[in-house]
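Colleague: For reference, the sequence and a predicted model appear below.
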Amino acid sequence: GAGVSQTPSNKVTEKGKYVELRCDPISGHTALYWYRQSLGQGPEFLIYFQGTGAADDSGLPNDRFFAVRPEGSVSTLKIQRTERGDSAVYLCASSSQGSQDTQYFGPGTRLTVL
Amino acid sequence: KQEVTQIPAALSVPEGENLVLNCSFTDSAIYNLQWFRQDPGKGLTSLLLIQSSQREQTSGRLNASLDKSSGRSTLYIAASQPGDSATYLCAVRPNNNDMRFGAGTRLTVKP
């Protein structure tokens, strides 16, 4: 596609539920990033993939958060036992290779945990 | 830990004014610095990327400078227009992997 896409655009769930957020990067981009943005703040790094592997997951807040990218393209961010504090906009970005390249962001998924 | 600060948090100017947005970071060891624009409810759009070896980048009415030694970057917008109204985010890349963002400057350009 022309850009990074994310689904769903909005997700409302109840505390304690499991959610999956999907990211489709720009075709051919090997690097993929997940960020979380709370209201009035800049995005906060969660995890970085180079190809199929998580090269850096140091930003994941705890073990309830997990992300996969099994074929080196689409990625899924998974959150178990959601808490109200998980409510935020989850942004995905991709770049063609890595650190020297511009990151292109998707529109984000707004997650609301009731 | 790298901290990124953007001043001012909000700015309102009349159309046609030239303006400067400021970004400061605490650790000068960075790979690059990037300025983004974010419209309400939307993702981020990259405006300018400055590599650590560069001093500035220009695109149309936008000019971004980088002074690594002092930990500062500025985004200069010439002849501002109402369509420039958005939140402008500065991000530094301290390593190969992640980016550290400031909280942004919310710009309003009044017709």
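Modeller: Everything's here; your move.

Colleague: Now do the residue of chain A found nearest chain B, the pLDDT please.
Modeller: As assessed by CB to the nearest CB, chain B sits closest to A:G42 within chain A, at 3.0 Å. C-betas here are computed from N, CA, C, even on glycine. At A:G42, the predicted lDDT confidence score is 93.

Colleague: Let me know whether it touches B:L89 as I believe.
Modeller: Yes - at 5.4 Å, A:G42 counts as touching B:L89 under the criterion of CB atoms under 8 Å.

Colleague: Name the SS class of the residue of chain A closest to chain B, please.
Modeller: coil (DSSP: H, G, I helix; E, B strand; the rest coil).

Colleague: For the spatially most central residue of chain A, which non-adjacent residue is closest in space?
Modeller: The centroid of chain A falls nearest to A:W34 when counting by CA atoms, centre = their mean (3.3 Å). Nearest residue to A:W34, sequence neighbours excluded (CB to CB, 6 or more residues apart in numbering or on different chains): A:L46, at 4.3 Å.

Colleague: For chain B, which residues score under the pLDDT cut-off?
Modeller: Within chain B, the segments meeting pLDDT under 70 span B:96.

Colleague: Which residue does it have closest to chain A?
Modeller: Closest point on chain B to chain A, by CB to the nearest CB, is B:F101, at 3.0 Å.

Colleague: if we can go back for a sec, what's the residue of chain A closest to chain B in contact with, if anything?
Modeller: B:V4, B:L89, B:A91, B:F101, B:G102, B:A103, B:G104 (CB atoms under 8 Å, 6 or more residues apart in numbering or on different chains).
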